[in-house]
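1. make a model of this:
(4 chains)
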Protein chains: 2
Amino acid sequence: MARKKSETGPARRGRPPAYDTETALKRATETFWRTGYSGTSLDKVAAATGMSPPSLYAVFGNKHALYLEALARYWEISLAATREALAGDHPLDEALMLAYDAALSIYFSGKGSARGCFVVGTAVTEVAEDAAIRSSVATGLRAIDADFEARFRLAQDKGELDREADPAALAILAAATMQTIAIRARAGARRADLREIARKAVTVICGRQPEAR
Amino acid sequence: MARKKSETGPARRGRPPAYDTETALKRATETFWRTGYSGTSLDKVAAATGMSPPSLYAVFGNKHALYLEALARYWEISLAATREALAGDHPLDEALMLAYDAALSIYFSGKGSARGCFVVGTAVTEVAEDAAIRSSVATGLRAIDADFEARFRLAQDKGELDREADPAALAILAAATMQTIAIRARAGARRADLREIARKAVTVICGRQPEAR
DNA sequence: GTATATTTGTATGGATCGTTATAAAAATCA
DNA sequence: TGATTTTTATAACGATCCATACAAATATAC
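-> Model (predicted):
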């Protein structure tokens, strides 16, 4: 629960915070993103944020709570990116490519080699033993499926997609494509190659257009 | 490089090993599988294998080398399972389902909740900062793609698959389906639901059969 | 038996882990 | 100014990390 959202009230009482909570969370996220939850020590987070351990604990609680907040924020951002891509009035194949381009922008953000998806790259490992992380991941995965499925249903309504197509099945494949791209990005694949993968996947998923072109 | 493969020569000299290297590697793999590489201490591995830390180091080198050997062994087993499923003379859709059933058997093996895929569940996290693990993962991913692609090409030759289909694109989708199943299994999805996902994906991937049914 | 070779368990080293006690620093309120 | 409030940095806590020194244990070779 990030504070610092106070609307500059009548001036706070004690010593003012030296660091912004939002940017600290962003820096912490970047650190977890690269070395995972278990592989990231709080000292590393402290170094990345410039905050001392006691300040981190005062603001975020503990390492686990900090990671959960980073995970929740990541879901917000990445799900919003997918939704925005799918929400426009583009043709189905273009909308899907916009979603994959948005994902690629996230997966290849930051300095150095690609980090892929924060969830696939760090949360999935913890999910086996950590109920809180598992819950967050499961909920997010369902949301992705639902967003894709809604777009496929809309495509059917608009006549872009064969009436006999199965929107739920296509949604799983669309989500799977996003996830394989996330894995391959982290494993070192080139962005252009991954975009080509997305393009081919979209072609298969959209299938032959209904008669009216 | 696991020893203990010696063909019972003229009787070894010193005190005989108390533990079998193969079963120790299997137990170590199971431990990494659940808590990941960074999340698994050597003490935990020692407890799981029943071996003392010095014995583990004598046999496997160090924690990193032990994990790499577990990873290599996992690739061997899982790739062999996929190949065997695709190698039979079943129809394309049945062959694909055999591959997914084999994967599900691996993902749901062991006691307790499903661990998913060892690679997706543990190696992908380390891949960002560990060159050796990254190399192993990249090679394995290429192998999966190649195995699926070969099967799709065969299907075209046998007339099971539309001549205009793109075997490479379908292979990516088939691999992506396997990976999304791995992720969802670890995140708590039920086996029956994942099998249904596989079934629907196979339907989309195989597409409409060519004229001759 | 004695010497040699190899593995074993115990015990521990030095570093790092997550977390917190403590007190100085920097602001407002009186 | 002095009291109060809040954040800061330093330092350290016990626990655990990966790895190894050491000597007892157990086999063969002579």
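
2. skipping adjacent residues, who's closest to the residue most central in space within chain A in space?
-> The centroid of chain A falls nearest to residue A:78 when counting by Cα atoms, centre = their mean (3.5 Å). Of all residues not flanking residue A:78 in the chain, residue A:106 sits nearest, at 5.9 Å (Cβ to Cβ, 6 or more residues apart in numbering or on different chains). Quick note: C-beta positions are derived from backbone N, CA and C, even for glycine.

3. still on that earlier bit, which residues are in contact with the residue nearest to the centre of chain A?
-> Taking Cβ atoms under 8 Å, 6 or more residues apart in numbering or on different chains as the criterion, residue A:78 is in contact with A:103, A:106, A:117-119.

4. next step: these restricted to helices.
-> In helices, defined here by DSSP state H, the members of these are A:103, A:106, A:118.

5. figure out the helix or strand that the residue nearest to the centre of chain A lives in.
-> helix A:63-87 (DSSP states H and E).

6. and the residue in chain A that DNA strand D sits nearest to, helix, strand or coil?
-> With Cβ to the nearest atom of the strand as the measure, residue A:14 is the residue of chain A nearest to DNA strand D, at 1.9 Å. Recorded secondary structure, residue A:14: coil (DSSP: H, G, I helix; E, B strand; the rest coil).

7. for it, what are phi and psi?
-> Main-chain torsions, residue A:14, degrees, to the nearest 10: phi -80, psi -160.

8. cool, residue A:189 as well?
-> Residue torsions, per degrees, to the nearest 10, at residue A:189 are phi -70, psi 150.

9. now do residue A:12
-> The phi/psi pair for residue A:12 (degrees, to the nearest 10) reads phi -70, psi 170.

10. buried residues, the longest helix anywhere in chain A. List them.
-> When chain A is parsed with DSSP H, its longest helix is helix A:131-158. Under the neighbour-count criterion of 16 or more other Cβ atoms under 10 Å in any protein chain shown, helix A:131-158 has A:133-134, A:136-137, A:140-141, A:143-145, A:147-149, A:151-156 buried.

11. quick one, that helix and helix A:63-87 angle?
-> Here helix A:131-158 runs at an angle of 0 degrees relative to helix A:63-87 (axes from the mean of the first three to the mean of the last three Cα atoms, to 10 degrees).

12. is the very next helix or strand once past helix A:131-158 in proximity to chain B?
-> Next along the chain after helix A:131-158, taking DSSP H and E as the criterion, comes helix A:167-186. Yes - Helix A:167-186 reaches chain B (Cβ under 8 Å from any Cβ of the partner chain) through A:168-170, A:172-173, A:175-177, A:179-180, A:183-184, A:186.

13. show me what helix A:167-186 is packed against.
-> In terms of contacts (3 or more Cβ pairs under 8 Å, 6 or more residues apart in numbering or on different chains; DSSP states H and E), helix A:167-186 is packed against helix A:92-107, helix A:131-158, helix A:191-206, helix B:167-186, helix B:191-206.

14. ok, and what's touching the last one?
-> In other words, helix B:191-206. Contacts with helix B:191-206, where a contact means Cβ under 8 Å, 6+ apart, come from A:166, A:168-170, A:172-173, A:176, A:204-205, A:207, B:92-93, B:96-97, B:100-101, B:104, B:107-108, B:114, B:160-161, B:170, B:173-174, B:177, B:180-181, B:184-185.

15. got phi/psi on the closest residue to DNA strand C within chain A?
-> The nearest approach of chain A to DNA strand C comes at residue A:41, 2.9 Å away (Cβ to the nearest atom of the strand). Main-chain torsions, residue A:41, degrees, to the nearest 10: phi -90, psi 160.
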